[in-house]
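K.L.:
The sequence and its predicted three-dimensional model are supplied below.
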Amino acid sequence: MPEDFDTLLSTIATSAGAAARPRGPEAARRRGATRTLRRRVAVSALSAALVAGGIGTALAVGRSGGGPVPPPPAVSPSSSTGTSHPSQGPSRSPSASPAPSTSSAPGDVAPSLSLQLPAELAKGTANQVGFTVSNPGAARTETVTVDLGAPTVGSPTSTTPQERGIVQRQDGSGGAWVSVPVGYTKAGSGNSAADTATYQLSLPAQATVQEQLRVTPVGVESVDFQVTLADGGSAPVTRSRTLPLATPSLTGTGPASVAPGTTSAEFDFTLSNTTTADYSGVGLYLNAAGSTPNCDFTPFATAQWWDGSSWRTVSLSGQWPKLDTIGLGAGQSVAVRTRLVVPATLASCLKRGEVSLIAANGADNPAGGVVSIPTDPDMTVRGDAPFFSIG
């Protein structure tokens, strides 16, 4: 029994010391010794008690290299070691799971649109306007529709306007002005109609684009100006404003009477441009006529106008002859001085007369009333001096 006891203690010490050594062949021998130990421990309760005492001794002195064996670090049940197991996948806290996205795809976010317009639009000349498009989503191409409002038509049932507006777009910042075709759209049998221009606009992703336009609207007193964006996906974006349609003004003054066989005093006309637009190629057309019914309507054959350095004679036989072509900038006024050559012999029925001036941008000949061709809008204003008596 003592020999068995000594053998048992030796086996226990060897097993306990092996547990503190690195893995490898020693670990294999330790596992074999442990199995032998378990069989002997089952023999008696006394052996089990001695085994417990032997383990304590072995742990204190049995490690090769000396010194106590440090206990393994404690691991809290709530902490994560970050170890991945192939059968389970990476360890992940339930709170780390991303929430489902509720935002729309970037390409579905409609762009925003704002207009930069003057207080009024000038008829018959190019007005510079602009609009800004902010695209918060993906890159897209928008169809831009510019509505210049209703032009002047001959009658409510007319399918062709008397004149058509013009739209130009600047090709990039500081680039050339490119014409955009304008079409006349008439809706139904009523008076709903508009001049519209359409073009494609590319919008980069998450970017702002500034567009510059020059528009020449036509019509009567105001313009329902509108810009619409549509890409076929999101709902169209529209901005509009009603603007006055302004033109330069033309006023005339003159003598109260003229005497036959003389050159009259001056009939002076003032052409004032109070709009913010510039006019070029403005023609000045003069006419003089009698006002008495059933009498010669064109009793005055010639007139004179001041060209800045001398008086020039112009024939009135064709009615509304052109005196000159001028430019008229924004805020500019031009004075036109005329005189009437009064024949010595006039019809006895002629008692009163009148001198008039027309300023027209784009019209070649306003004789018999100014009517423009549909593709060439113009500005036309008329100024009349007060009636004068003859005799």
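P.N.:
Cool, the structure landed. Residues are numbered from 1 along each chain as shown.

K.L.:
I'd say residue 300 and residue 316 touch.
P.N.:
Yes. Counting by C-beta atoms under 8 Å, residue 316 is a contact partner of residue 300 at 5.6 Å. Placement of C-beta: from N, CA and C, glycine included.

K.L.:
Common neighbours of those two, please.
P.N.:
Counting by C-beta atoms under 8 Å, 6 or more residues apart in numbering, the contacts common to residue 300 and residue 316 are residue 288.

K.L.:
Poorly predicted segments of the stretch 51-200 of the chain, please.
P.N.:
Residue ranges of the stretch 51-200 of the chain with pLDDT under 70: 51-108, 154-156, 158, 187-192.

K.L.:
One more pass at 80, please.
P.N.:
Under the criterion pLDDT under 80, the flagged ranges of the stretch 51-200 of the chain are 51-108, 152-163, 185-193.

K.L.:
And the strands in the stretch 51-200 of the chain?
P.N.:
Taking DSSP state E, counting those that start in this stretch to define them, one finds strands in the stretch 51-200 of the chain at 112-116, 121-122, 127-135, 140-147, 166-170, 177-180, 182-186, 193-203.

K.L.:
Tell me the confidence at the closest residue to residue 344 other than its chain neighbours?
P.N.:
In this structure, residue 344 finds its nearest non-sequential neighbour in residue 261, 3.5 Å apart by C-beta to C-beta, 6 or more residues apart in numbering. Listed pLDDT for residue 261 reads 93.

K.L.:
Equivalent analysis for residue 322, please.
P.N.:
You'll see residue 322 listed with a pLDDT of 93.

K.L.:
in terms of contact, does it touch residue 287 like I think?
P.N.:
No. Between residue 322 and residue 287 there is no contact under C-beta under 8 Å: 11.2 Å.

K.L.:
out of those two, which sits in the busier spot?
P.N.:
With neighbours defined as other C-beta atoms under 10 Å, residue 322 and residue 287 compare such that residue 287 has more, 21 against 16.

K.L.:
residues touching that one, list them.
P.N.:
Counting by C-beta under 8 Å, 6+ apart, residue 287 touches 316, 319-320, 355-358.

K.L.:
mind listing what the helix or strand where it lies pairs with, with the direction of each?
P.N.:
Assessed by DSSP states H and E, residue 287 sits inside strand 279-290. Strand 279-290 has the following strand partners under DSSP bridges: strand 322-328 (antiparallel), strand 352-361 (antiparallel).

K.L.:
Following element in sequence after that strand, please.
P.N.:
Counting by DSSP H and E, the next helix or strand C-terminal to strand 279-290 is strand 302-306.

K.L.:
Let me know the next secondary structure element after that following strand.
P.N.:
Downstream of strand 302-306, the first helix or strand assigned by DSSP H and E is strand 311-315.

K.L.:
That following strand packs against which elements?
P.N.:
Judged by 3 or more C-beta pairs under 8 Å, 6 or more residues apart in numbering; DSSP states H and E, the packing partners of strand 311-315 are strand 302-306.
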